[in-house]
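Trainee: I would like to see how this sequence folds:
(chains A and B)
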Number of protein chains: 2
Amino acid sequence: MPTRAHFTTMSETRNIKRTPLPEPTLRRLPWYLAYVRTLHSRQEQYVSSTQVAKAINVDAAQFAKDLSYLGIKGKPRIGYETRTLMQRLVDTLGFKLKHNAVVVGAGSLGGALMQDMGLSQYGLSIVAGFDVNPALTGTAICGIPIYEVGQLAERCRQFEATIAILTVPVEFAQQAADAAVQSGIKSIWNFTPVRIVVPPHVVVVDTPIYADLALLYNRATGNVK
Amino acid sequence: MPTRAHFTTMSETRNIKRTPLPEPTLRRLPWYLAYVRTLHSRQEQYVSSTQVAKAINVDAAQFAKDLSYLGIKGKPRIGYETRTLMQRLVDTLGFKLKHNAVVVGAGSLGGALMQDMGLSQYGLSIVAGFDVNPALTGTAICGIPIYEVGQLAERCRQFEATIAILTVPVEFAQQAADAAVQSGIKSIWNFTPVRIVVPPHVVVVDTPIYADLALLYNRATGNVK
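Mentor: Residues are numbered from 1 along each chain as shown, chains lettered A, B, ... in the order given. Have a look, this model is predicted:
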């Protein structure tokens, strides 16, 4: 049985300077995390790159290369300690930190996201919602207050929110994004199918759920290559 | 003022045999739809490809080529009729049809999606939820009943559901997908970060919301290239 010293520990990796990850690497890390979490829940202590590769259909060398960006190296014939690997992935992905977010557009999708308590396990803390609908403003969803859009700047400061989750109807997407930027928001998680335009210092990540849905429909009918 | 005959109409395009769309084209159509919807809501009757290109930052030739897959051609110096274009995009994307879906894992994210009435505007009709949690089974969310997972096959038949929305914890993702496939489900909309494996006749589309969230966090800190 190998001793713990054979495995990379958090303290060892902390001294390694982190280089920026390529986006494709970052996008694969949640797959690794999901698999390693499953192994950990089964009390499996170690995992090899070939085991990961086979389980999630990724090249073993790719897996090893991706982890090297995190300063994690496996040991030949031993592999990686699942608990350490899991912690390191959670840490790199940013899921361990608390990121305060506001929902702009607290209607059907926005309201639904405010009810999804599972997001907090991934570091997302929704602190407020905003809407133009007087039937919604002044109410709360799961204890999260909904304010008028006019209060965006003031409330973002109050709650120290840096992320806006954009769930407004398409015709208001750009102006809602503008209002978020003017309120000091640094990142926008865009669920609208609108290609919003922001200043260079603001980050936008699109989650194109309606395009995904269209892809699902059209793959099933063979209408997409 | 041009007459209506100058524009492509639904009846003209219907006789054109539809070739399968490339996936990148399909993924751009929701952007076009969102923009054209906005124009239509402003009562703008016509739109040119250069106007679309500028508004959503897509190459004008790319836009024209994408639409040619749909059998739609604009007229030089006139462009496209917004209402016809909107209808044709909705039609191609599959948003006009009703697609019956079940939610497998009616916890936080699954429960939230069951409450998102907006999805029905995109053709998705959630008819039932399934869970292993006895506190959820036998209840309903927004009138949508939640059953034990054991009833999946029977209820999918009853409700003529062809789509399963996968929102279970990672360690149950593959077995939930297997159960869905055995229940006759043809398409899986996968919200879990697990790379699920299905037979070739089953379609899987991933919506990697946790990877998107990680990308949002890491772009903001400059940890991703």
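Trainee: OK, contacts around the residue nearest to A:Pro169 when sequence neighbours are not counted?
Mentor: The shortest distance from A:Pro169 to any residue other than its chain neighbours is 7.3 Å, reached at A:Gly105 (C-beta to C-beta, 6 or more residues apart in numbering or on different chains). C-beta here means a position set from N, CA and C on the backbone, and glycine is covered the same way. Contact analysis of A:Gly105 by C-beta atoms under 8 Å, 6 or more residues apart in numbering or on different chains lists A:130-131, A:166-169, A:172, A:176.
Trainee: repeat that with 7 Å
Mentor: Taking C-beta atoms under 7 Å, 6 or more residues apart in numbering or on different chains, we find A:Gly105 in contact with A:131, A:166-168, A:176.
Trainee: against chain B, how distant is it?
Mentor: According to C-beta to the nearest C-beta, to the nearest Å, A:Gly105 stands 10 Å off from chain B.
Trainee: phi, psi of the residue nearest the centre of chain A?
Mentor: Of all residues in chain A, the one closest to the mean position by C-alpha atoms, centre = their mean is A:Tyr122, 6.6 Å from it. Main-chain torsions, A:Tyr122, degrees, to the nearest 10: phi -110, psi 20.
Trainee: I would like the residues contacting the longest helix seen in chain A, please.
Mentor: Criterion DSSP state H: the longest helix present in chain A is helix A:23-41. Under the contact criterion C-beta under 7 Å, 6+ apart, helix A:23-41 has outside partners A:47, A:52, A:55-56, A:58, A:63, A:66, A:69, A:82-83, A:85-86, A:89-90, A:92-93, B:170-171, B:192-195, B:208, B:210-211, B:214-215, B:218, B:224-225.
Trainee: only C-alpha atoms, please: export that helix in PDB.
Mentor: C-alpha atoms of helix A:23-41 as PDB (Å, rounded to 0.1, in the frame of the first residue of the first chain):
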ATOM      1  CA  GLU A  23     -11.000  26.900 -22.300                       C
ATOM      2  CA  PRO A  24     -11.400  23.300 -23.600                       C
ATOM      3  CA  THR A  25      -9.500  22.100 -20.600                       C
ATOM      4  CA  LEU A  26     -11.700  24.100 -18.200                       C
ATOM      5  CA  ARG A  27     -14.800  22.700 -20.000                       C
ATOM      6  CA  ARG A  28     -13.600  19.100 -19.400                       C
ATOM      7  CA  LEU A  29     -12.800  19.500 -15.700                       C
ATOM      8  CA  PRO A  30     -16.500  19.200 -14.600                       C
ATOM      9  CA  TRP A  31     -16.600  15.800 -16.300                       C
ATOM     10  CA  TYR A  32     -13.600  14.700 -14.300                       C
ATOM     11  CA  LEU A  33     -15.100  16.100 -11.100                       C
ATOM     12  CA  ALA A  34     -18.400  14.300 -11.700                       C
ATOM     13  CA  TYR A  35     -16.600  11.000 -12.200                       C
ATOM     14  CA  VAL A  36     -14.200  11.400  -9.300                       C
ATOM     15  CA  ARG A  37     -17.100  12.400  -7.000                       C
ATOM     16  CA  THR A  38     -18.900   9.200  -7.900                       C
ATOM     17  CA  LEU A  39     -15.800   7.200  -7.100                       C
ATOM     18  CA  HIS A  40     -15.400   9.100  -3.800                       C
ATOM     19  CA  SER A  41     -19.000   8.300  -2.900                       C
END
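Trainee: list the buried residues of that helix.
Mentor: Within helix A:23-41, the residues scored as buried using 16 or more other C-beta atoms under 10 Å in any protein chain shown are A:25-40.
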